[in-house]
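S.K.: sequence first, predicted model second:
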Amino acid sequence: MRPSHRHLTTSRALPAAATAAALSLLTAACASSASSSAPAAAGTSAQPSTSHSMTHAAASPSESMAETAGMIGNDCGMIPAAGMGSMHGMAMDPVAVAASHNPLITTLAAEITKARLASTLDSAKNITVFAPDNQAFKNLTAHDMTMMSGTAELAKVLKYHVVAVRITPAELTHGMTLTTLEGSPLMTSKMGSVYEVNSADVTCGPLHTANATVYIINKVLIPMH
């Protein structure tokens, strides 16, 4: 039996209709993809910038907290947060240079230079410096200032503040007797929450420089002989 003309027409039309429908759907899909991809691309471009900014903002407090962790003394908040006199900045320089940038101990730095000890201290390895603050030098008596007026005498007093090893806060609590570069002993102790070296209070430390550990103290220590 021969197929009717109507049946053949219908059979041939179906693939054509399906193809047209498929093309229509494909065109719509491409348009939808293009319209949605533009915002997505913009969003993708913006995201790393936002993420980097947030990460950078979060890093600064973390670095600050890491630097101040384990600090002792009430004056650490007076250390600059940034710049060469900051904790991070001091760590980049040898001790005499670092002291010259820290606004709490600039007088000590000047006295080190006057005593011709800068190169000696800057070239030393792994030392501890008990650094009198600026006010401590202002509190010196006339007798003490006279005794420190000569270069050799001043160098002797300053060497009394230096120990040839790095000392940790934990070690300060043990009542240690430390031998200084001057040759006389220093006594460390802890009274309540206050760390002491001889009769001086530690007001901030430990500050780290390229070659030294620094504790800021509130008195100039005078050797007994």
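M.R.: Thanks, I have it.
S.K.: can I get the CA coordinates of stretch 165-179 in PDB?
M.R.: What follows is stretch 165-179, C-alpha atoms only, in PDB (Å, rounded to 0.1, in the frame of the first residue of the first chain):
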ATOM      1  CA  VAL A 165      73.700  36.700  76.400                       C
ATOM      2  CA  ARG A 166      70.100  37.100  75.400                       C
ATOM      3  CA  ILE A 167      67.800  37.000  78.500                       C
ATOM      4  CA  THR A 168      64.100  36.100  78.300                       C
ATOM      5  CA  PRO A 169      61.400  37.500  80.600                       C
ATOM      6  CA  ALA A 170      61.100  34.000  82.200                       C
ATOM      7  CA  GLU A 171      64.700  34.100  83.100                       C
ATOM      8  CA  LEU A 172      64.400  37.500  84.800                       C
ATOM      9  CA  THR A 173      62.000  36.000  87.300                       C
ATOM     10  CA  HIS A 174      64.500  33.500  88.700                       C
ATOM     11  CA  GLY A 175      66.600  36.000  90.700                       C
ATOM     12  CA  MET A 176      69.500  35.600  88.300                       C
ATOM     13  CA  THR A 177      72.900  37.200  88.900                       C
ATOM     14  CA  LEU A 178      74.200  38.400  85.500                       C
ATOM     15  CA  THR A 179      77.700  39.400  84.800                       C
END
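S.K.: any idea where the helices of this protein begin and end?
M.R.: 5-68, 87-90, 95-101, 106-114, 118-123, 134-138, 142-147, 151-159, 169-172 (DSSP state H).
S.K.: and the ones you listed, which one averages the lowest pLDDT?
M.R.: Among those, helix 5-68 has the lowest mean pLDDT, at a mean of 40.
S.K.: right, and residue 214 touches residue 131 too?
M.R.: Yes. At 5.3 Å, residue 214 and residue 131 qualify as touching, with contact defined as CB atoms under 8 Å. All C-beta atoms are positioned from the backbone trio N, CA, C, and that covers glycine.
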